[in-house]
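**Q** I'd like to go over a predicted model; first the sequence, then the structure.
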Amino acid sequence: MTIVIIIVGIIFGMGSNFFRGARGQFVYNNSLQDAVNIIKTARNFAITSRAAFDGVTSQVPPEGYGVYINRPARQIILFANTAIAGDERNQYNAGSDLIEEQLDFPQETEFISMTSDTGTPNEAVIIFRPPLADAFLSNNGDPNMAINLYEEITMEFRRLGAPATATKEIIFNRTKGFPEVQL
């Protein structure tokens, strides 16, 4: 009888570790898909000239929709790019732009790095302007930025506790306009 209890305990322990690992993998994969979906949603909102509601009025954002990527804060924000007077239209401004959706990466997802064709920024912004959703891609630190700073940005992720080589990338190319996930 004692042997049966020990065997059942071992099997239960192995099963519990398996399900914990499977849950972590599911949360990790889901968070990457959510990040890709936020970028696609911003593009779709710009194409359809979707109106944003600020709690009082509803209007189509004059500068389209954007995605703000903050690697140190481990978050991606979809925003309506309102670009009011004195505001920089090619940036995310937390004080005036309307947040439509925010993804805070879960603990299971490590945001390892972000690289561009010109460096390794900690922040990036993708702006989609209506009606054709032309993409603008830059950092978010220079208020005088009036040109595309990046042609492509790559975000690298790893599941918490996974080997260093087990990474996945989300690549956004300004010309293509669509995010790609590299497995």
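**A** Thanks, I have it.
**Q** I'd like the mean pLDDT over the helix or strand containing Leu32, please.
**A** Element membership for Leu32 (DSSP states H and E) is helix 2-47. Helix 2-47 carries an average pLDDT of 76.
**Q** Give me the next element, helix or strand, following it.
**A** strand 52-53.
**Q** which helices and strands does that following strand pack with?
**A** Strand 52-53 makes packing contacts with strand 98-104 when contacts are defined by 3 or more Cβ pairs under 8 Å, 6 or more residues apart in numbering; DSSP states H and E. Where you see a C-beta, it was placed from the backbone N, CA and C, and this is true even at glycine.
**Q** And the next helix or strand past the strand it packs on?
**A** That would be, after strand 98-104 and using DSSP H and E, strand 109-116.
**Q** Tell me the buried residues in that following strand?
**A** Neighbour counts using 16 or more other Cβ atoms under 10 Å place 109-111, 114-116 of strand 109-116 among the buried residues.
**Q** Return the distance of it from the chain's centre.
**A** Computed by Cα atoms, centre = their mean, to the nearest Å, the chain-centroid distance of strand 109-116 equals 10 Å.
**Q** tell me the angle of it relative to strand 98-104?
**A** Orientation note: strand 109-116 sits at an angle of 120 degrees relative to strand 98-104 (axes from the mean of the first three to the mean of the last three Cα atoms, to 10 degrees).
**Q** quick check, nearest of the buried residues of strand 109-116 to Ser96?
**A** Nearest to Ser96 out of those is Met114 (Cβ to Cβ; 24.5 Å).
**Q** looking at this, Val125 is in a strand?
**A** Yes. According to DSSP: H, G, I helix; E, B strand; the rest coil, Val125 belongs to a strand.
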